[in-house]
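> Sharing a sequence plus its predicted fold:
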Amino acid sequence: MLNYIWALMLLIGIVYGALNGNMKAITDGALNAAGEAVTLCITMLGVMALWSGLMEIARASGLIERMTKGLGWFISFMFPNIPKGHKSREYISTNIIANILGLGWACTPAGLKAMEELNRLEQERTGREPTVASKEMCTFLILNISSLQLIPVNMIIYRGQYGSANAAAVIAPAIIATLFSTIVAVIYCKIKEKVSN
């Protein structure tokens, strides 16, 4: 649906520009935007490679495992039905850690792996392939979306790329906003857990 909305907006803009004799401006704007998009993608690719590499180093050095143990109480609180030692706990922890550090790209692989493991866990419980998301999957998705961030790396890069005088000025507002969104997510998940029991 979103693709149709974007296509319709582009079509309306092009037709409106053509009717008003602004085709040159539309063409120039499209080419300039395409050039900026390529430059931004190359910048983001470099940052993504750096942070994903650092996450792999942290995993290989045992740092992720230690942080997972540190988050164990929170994982047990949010996911009481996931057995201790289950592989999904490590992936959920890795995802949360990457989100806290503002590494959206680095948390995606861990998030996908966590969902696979949660799906496998649900299949083991029920003895059949799940057709809907489990409570644990929904809780994980809500936490992932709310994602407390201490360093909003993406936003800092975008602001720097577009000439912000102080690209890091978003850190404090981002911490406050994501802290509140995470608190609301935790409260919502625990309320839903009590209602469904």
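Yep, it's here. Quantities reported herein were computed from a predicted structural model and do not represent experimental measurements.

> what does stretch 151-162 contact?
The list of residues contacting stretch 151-162 from outside it, by Cβ atoms under 8 Å, 6 or more residues apart in numbering, reads 39-40, 43-44, 47, 51, 101-104, 167-171, 174, 178. Backbone N, C-alpha and C define where each C-beta goes, glycine included.

> ugh, wrong one, stretch 43-62
Applying Cβ under 8 Å, 6+ apart, the set of residues contacting stretch 43-62 is 64-65, 94, 98, 101, 103, 105-106, 153-154, 157, 161.

> follow-up on the earlier one: just the buried ones among the contacts of stretch 151-162, please.
44, 51, 101-104, 167, 170-171, 174, 178 (16 or more other Cβ atoms under 10 Å).

> would you list those in CSV and tack on secondary structure, distance to residue 84 and pLDDT?
Below are those laid out as CSV (DSSP: H, G, I helix; E, B strand; the rest coil; distance: Cβ to Cβ, whole Å; pLDDT from 0 to 100):
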residue, secondary structure, distance to residue 84, pLDDT
44, helix, 37, 74
51, helix, 29, 73
101, coil, 25, 77
102, coil, 29, 74
103, coil, 26, 72
104, helix, 28, 69
167, helix, 42, 84
170, helix, 38, 87
171, helix, 35, 87
174, helix, 33, 87
178, helix, 28, 89
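
> For those, name the two members farthest from one another.
44 and 178 (20.1 Å; Cβ to Cβ).

> What is the most widely separated pair among the contacts of stretch 43-62?
Spatially, the most separated pair among the contacts of stretch 43-62 is 65 and 161, at 34.7 Å (Cβ to Cβ).

> Tell me how many other residues crowd residue 193.
Neighbourhood size, residue 193 [other Cβ atoms under 10 Å]: 15.

> Just to check, it is in contact with residue 135?
Yes. Contact status for residue 193 versus residue 135: in contact at 7.1 Å, counting by Cβ atoms under 8 Å.

> Look up how far residue 10 lies from the residue of the chain most remote from its centre.
Of all residues in the chain, residue 21 has its C-alpha farthest from the mean position, at 41.9 Å, by Cα atoms, centre = their mean. Applying Cβ to Cβ, to the nearest Å, the value for residue 21 to residue 10 is 19 Å.

> same thing with residue 86?
Per Cβ to Cβ, residue 86 is found 46 Å from residue 10.
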